[in-house]
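Colleague: following is a predicted model, sequence given first.
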Amino acid sequence: MNRTSGGDGGASLAAGETPLGTSLVRALRLRCPRCGARGILESWFDLAAECPRCGLETDRGEEGHFLGAMLLSLVAVELLAAGLAALTIVLAWPAVPWTAITLGGVVLAVGMPVAIYPYSRLLWLGVDLHIRPEVD
């Protein structure tokens, strides 16, 4: 990867390469991680084949590419569920509502992956874009 020296005191990005932080913020706004354009989502569950503005292909050319997105989703849901369960136990001690914790865990396990699906896909696309700026 061709990196050039910039005025920020460290290595700067090659021409056309988007900084990781910028890519992640754009992904959290459900926009193209490379250029920030809208329209990269066709629906909540489908990414467009490419960005309508910059042409970034959402299929990065590897089988199983979005396993990283699934990992991000799994980790986020598990941390949220464990954190909420622990907080509920601490706040309700000694009369812990085990049934509510169990039902809440089931609702989170089913609902949260659906709720964060496009975020995890676009966040992973942004990370992958940073790791592999150009795909042959």
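Modeller: Received, thanks. Numbers count the residues shown, from 1 in each chain.

Colleague: quick one: the strands in the chain?
Modeller: Shown for the chain, the strands assigned by DSSP state E span residues 41-43, 46-47.

Colleague: deepest of those strands, which one?
Modeller: When those are scored by mean count of other C-beta atoms under 10 Å, the highest mean neighbour count falls to strand 46-47 (a mean of 15). (C-beta placed from N, C-alpha, C; glycine too.)

Colleague: partner strands of it and their direction?
Modeller: In the sheet, strand 46-47 lines up against strand 41-43 (antiparallel) (DSSP bridges).

Colleague: residues contacting the strand it pairs with, please?
Modeller: Strand 41-43 has contacts (C-beta atoms under 8 Å, 6 or more residues apart in numbering) with 30, 47-48, 118.

Colleague: nearest to residue 73, of those residues?
Modeller: For those, the closest approach to residue 73 (C-beta to C-beta) belongs to residue 118, at 10.4 Å.

Colleague: my read: the closest one touches residue 29, true?
Modeller: No: contact status for residue 118 versus residue 29: not in contact, 10.9 Å apart, counting by C-beta atoms under 8 Å.

Colleague: all helices of the chain, in order?
Modeller: For the chain, the helices defined by DSSP state H cover 20-28, 67-92, 98-131.
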